[in-house]
Each structure stands twice: as structure tokens, then as C-alpha cells.
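Trainee: let's see this in three dimensions:
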Amino acid sequence: MPRWVILAHADTTVPGADGGPDLPGSVGGRGASFDLVSDTAPDVPGAEAVALSQIASAHVELPGRRIKRTLLLTVRPDAPPDTIASFEADLMAMPRHIPAIGSWALSRATGHWTHAWEQEFANADGLNGPYLLHPYHWTYVDRWFDPELPTAIVSPRLAHLYRAAPGPVLATP
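Mentor: All right, here's what the predicted structure looks like:
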């Protein structure tokens, strides 16, 4: 059954979904994000439902509340397939280098997005510190995003969303 990420206004509810308001520091969303497993997209006025087709994932036991992070991005249409594969491999290697990452999933996405890179963290400090500031992030991942570098293949339009979650959101199918 497909997974969906739903971008909605902060006062929205999505029946059957796990989600809620995006935390300060989130960019490119609509105020709230939700995760849903369903055969069909939810009919939520003013929301954007993004279908995900998983490439790879891993579940890591993490007790209690956590931070669910979603990065929606678009790879430029002229990027060669082997370059896209290298980009995806660099993302999937991050959990081996950055212990702050708990469960994670890399998926292809629908609409104007091409990929969703999702993780769970014990707290926001794990995302904003050890993850975003890790040397692996700077050297292997940022190069795909920086428009001043010839290796960049990701469009500047991103949705970097994170929110509190009461328990696991990402699980291995």
C-alpha cells in the first residue's frame, strides 16, 4: 500500500494520518505535514498529497517521542541516470556516517517533486546539530544542492519539514 506525505495548512486534520504542525525552521511547506499509508490520496482541501515509491529504508528502534523530518526535492530533468544513482547512494550512505539518524527512507515522489528523503531523530538537536553539521553532509551531500558547484543536480525549490511525532512513523515495509 502506498505511503503519502501531505502538505497542508497548520489548522488541517487528515483522518488516519500521523502528523501536525511543522516546527520553526521548516521551509517550503504549508504549515503542517502528515504521513499516511493508503491506497488513495486523501481528499483534503488546500493540501498537496505526494505519493511515495520507496527506494530503500531502515527501521531503527527509538523509544517515545521523536522528530520526523521530510525533505522533498526535485532533481533537474537533464541529470543523467548514473548521476542520479550516485546522488541517491550518497543519501542512503548518510545513516552509516551520522549516528543521529534513526529510521530513514528514500523514495521517489510524485508531482513536481522527484524524491523524498525522510528521517526520524530523537530530538530537534539531532537534526539541527549532528545531522546538518556533519562533515559527511557537507562533503558528500551538499554538493548535489549547491548551485555554484558543477555537481549540483537538485533544483533550489525544496520543502524541508520537521515536526514532532509521538512514536515511529517510518517502518520497513
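
Trainee: what about the strands in the chain?
Mentor: With strands called from DSSP state E, the chain shows them at 3-9, 18-21, 31-37, 48-58, 66-73, 104-109, 115-121, 159-165.

Trainee: right, and Asp18 touches Val169 too?
Mentor: Yes. Counting by Cβ atoms under 8 Å, Asp18 touches Val169, with 5.5 Å between them. C-beta coordinates here come from the backbone N, C-alpha and C atoms, glycine included.

Trainee: show me what counts as buried in stretch 121-131.
Mentor: Phe121, Ala124, Gly126, Leu127, Asn128, Tyr131 (16 or more other Cβ atoms under 10 Å).

Trainee: actually stretch 11-18, not the one I typed
Mentor: Using 16+ other Cβ under 10 Å as the test for burial, stretch 11-18 gives Thr12, Val14, Ala17, Asp18.

Trainee: closest one of these to Gly28?
Mentor: The closest of the buried residues of stretch 11-18 to Gly28 turns out to be Thr12 (Cβ to Cβ; 16.7 Å).

Trainee: skip the chain neighbours and tell me the closest residue to the closest one.
Mentor: The shortest distance from Thr12 to any non-neighbouring residue, by Cβ to Cβ, 6 or more residues apart in numbering, is to Ala32 (5.7 Å).

Trainee: what about the residue nearest the centre of the chain, distance to Thr40?
Mentor: Nearest to the geometric centre of the chain sits Thr70, at 2.5 Å (Cα atoms, centre = their mean). The spacing between Thr70 and Thr40, counted by Cβ to Cβ, to the nearest Å, is 20 Å.

Trainee: go on, Thr114?
Mentor: Taking Cβ to Cβ as the measure, Thr114 and Thr40 are separated by 22 Å.

Trainee: bridging residues for Leu71?
Mentor: Trp117, His160 (DSSP bridges).

Trainee: neighbours around it, how many?
Mentor: Using other Cβ atoms under 10 Å, Leu71 has 20 neighbouring residues.

Trainee: quick one: contacts for it?
Mentor: Contacts for Leu71 (Cβ atoms under 8 Å, 6 or more residues apart in numbering) come out as Ala116, Trp117, Glu118, Leu158, Ala159, His160, Leu161.

Trainee: distance of the last one relative to His134?
Mentor: In other words, Leu161. Taking Cβ to Cβ, one finds Leu161 at 20 Å from His134.

Trainee: look at these two and report which has more neighbours.
Mentor: Higher neighbour count among Leu161 and His134: Leu161, with 25 against 18, using other Cβ under 10 Å.

Trainee: tell me the predicted confidence for that one.
Mentor: We note a pLDDT of 98 for Leu161 in this prediction.

Trainee: which secondary structure elements does the longest helix seen in the chain contact?
Mentor: Under DSSP state H, the helix in the chain containing the largest number of residues is helix 81-97. Counting contacts by 3 or more Cβ pairs under 8 Å, 6 or more residues apart in numbering; DSSP states H and E, helix 81-97 packs against strand 48-58, strand 104-109, strand 115-121, helix 135-136.
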